[in-house]
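Q: structure, please.
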Amino acid sequence: MEVRVCAVIPVLNEEQFIARCIESLLAQSMPVDILVLEGGSTDSTREILANYGDSIKVVDNPAKRVSNARNLALEHIDDDVTHCLEIIGHSWIDPDHVERRVKDMLELESELGVKVGAIGCLTKSGDSSSMVSQWIEGALASPIGAGGGQFKKFSGRQPTKVPAFCLHNVEALKSVGGWDERFITSQDSDLSMRLLGKGWQLWRSDVSCVYMHKRSSLGKWWKMCHRYGFWRTKVVLRHPRRIDLREFLPILGLILIFTLPNWWWAPAAYGLTLLLMGLLYRPSGSGPTPLLGIPLCLIILHTAFTIGLFDGLTRSGRAPTDRT
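A: Residues are numbered from 1 along each chain as shown. Sure, this is the predicted structure:
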């Protein structure tokens, strides 16, 4: 099977990071088409992209959002492109990333005897320079912070419902009509459930990873966590199989507080667990601040995500203002 890959990059105001993303794609050991969907940036993103000339293709995305951009990409990729590489403007990859992913996918399909709909990879923090970034990295590395989604740490190759930064089979994408543009966030989760419903297999593998700039302020971290909770409700209402009971543990904790005779046991156990996470998942060389910073980020995660879950029951979504 001859594989041709197109990297699809939705962008909006990514002047800080887009050059590193594009440079990492141009440096790949395997040829990769680069298609950027520009959402009307008001910073210098468009000027930076123009510097690459014919090395990349830039298409306007008037609807601005990620799901719209990826559907637009399906209309603009060449007919012989077999796979789309999911990547974003504030991420980058190692020079052999695509080659490793393609080789791994072909090996997996040979073992299974069928085509795979998508295969995801590990996500790693690419920016731990700020204090808050270190806290967030530690929180996401902990078992009560990563959940089962894109930041989950895993090893080997395994089937999954939530692959991250996928190498998508174009045939699979077209078989389900691409992304649902009603989902402003969690559009990939919805897509994965529809691919599984069509009989496509979804996997993830640790042969390579995507490096990503994470939020660097507690305010942005709150917004992201709330948004993920909000759109998780939207996805679960449409796809009940996507439910992950671990995401409802904070609600269980609140119930225990109001029902246990010795109600203080629940918050005491939670507090001790948070302190333990701060101790065990403090990034190397980060100093003492993560001992309290990681618990703080976990509290924000659990609180904002849970509020988002309930908020998703009562409101329709709106576009985020901090990123595409």
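
Q: and the average pLDDT for the strand ranked longest in the chain is what?
A: Taking DSSP state E as the criterion, the chain has its longest strand at strand 201-212. Strand 201-212 carries an average pLDDT of 95.

Q: so which elements touch the helix or strand following that strand?
A: Counting by DSSP states H and E, the next helix or strand C-terminal to strand 201-212 is helix 218-238. Contact here means 3 or more CB pairs under 8 Å, 6 or more residues apart in numbering; DSSP states H and E; on that basis helix 218-238 packs against helix 131-141, helix 187-197, helix 290-311. All C-beta atoms are positioned from the backbone trio N, CA, C, and that covers glycine.

Q: just name the most buried of these.
A: helix 131-141 (a mean of 24; mean count of other CB atoms under 10 Å).

Q: next one: that one to chain centre, how far?
A: Once both centres are worked out by CA atoms, centre = their mean, to the nearest Å, helix 131-141 turns out to sit 16 Å from its chain's centre.

Q: so how far is A63 from the residue nearest to L275 when sequence neighbours are not counted?
A: Counting by CB to CB, 6 or more residues apart in numbering, L275 lies nearest to P295, which is 6.2 Å off, once chain neighbours are set aside. Taking CB to CB, to the nearest Å as the measure, P295 falls 39 Å from A63.

Q: okay, now the unreliable bits of the stretch 1-150 of the chain?
A: Low-confidence segments of the stretch 1-150 of the chain (pLDDT under 70): 1, 126-129, 146-150.

Q: those strands in it, which residues are they?
A: 5-11, 32-38, 57-60, 83-86, 91-93, 116-125 (DSSP state E, counting those that start in this stretch).

Q: could you dump those strands to TSV with distance to G278?
A: Listed next are those as TSV, based on distance: least, CB to CB, whole Å:
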stretch	distance to G278
strand 5-11	35
strand 32-38	39
strand 57-60	43
strand 83-86	32
strand 91-93	27
strand 116-125	17
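
Q: how about the ones you listed in a markdown table, adding mean neighbour count and distance to I257?
A: Converted to a markdown table, the strands of the stretch 1-150 of the chain look like this (neighbours: other CB atoms under 10 Å; distance: least, CB to CB, whole Å):
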| stretch | mean neighbour count | distance to I257 |
| --- | --- | --- |
| strand 5-11 | 25 | 42 |
| strand 32-38 | 23 | 46 |
| strand 57-60 | 14 | 51 |
| strand 83-86 | 24 | 40 |
| strand 91-93 | 23 | 39 |
| strand 116-125 | 22 | 33 |
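
Q: contacts only, for the residue nearest to L275.
A: When contacts are counted by CB atoms under 8 Å, 6 or more residues apart in numbering, P295 touches 274-275, 277-278.

Q: kindly report the same for R238.
A: Shown in contact with R238 (CB under 8 Å, 6+ apart): 190, 193.

Q: got the confidence number for it?
A: On the pLDDT scale, R238 is placed at 85.

Q: quick check: V8 touching E86?
A: Yes: contact between V8 and E86 holds when scored by CB atoms under 8 Å: they sit 6.6 Å apart.

Q: shared neighbours of these two, anything?
A: R70.

Q: leaving out chain neighbours, which residue sits closest to S44?
A: Using CB to CB, 6+ apart, the nearest residue to S44 is E15, at 4.5 Å.
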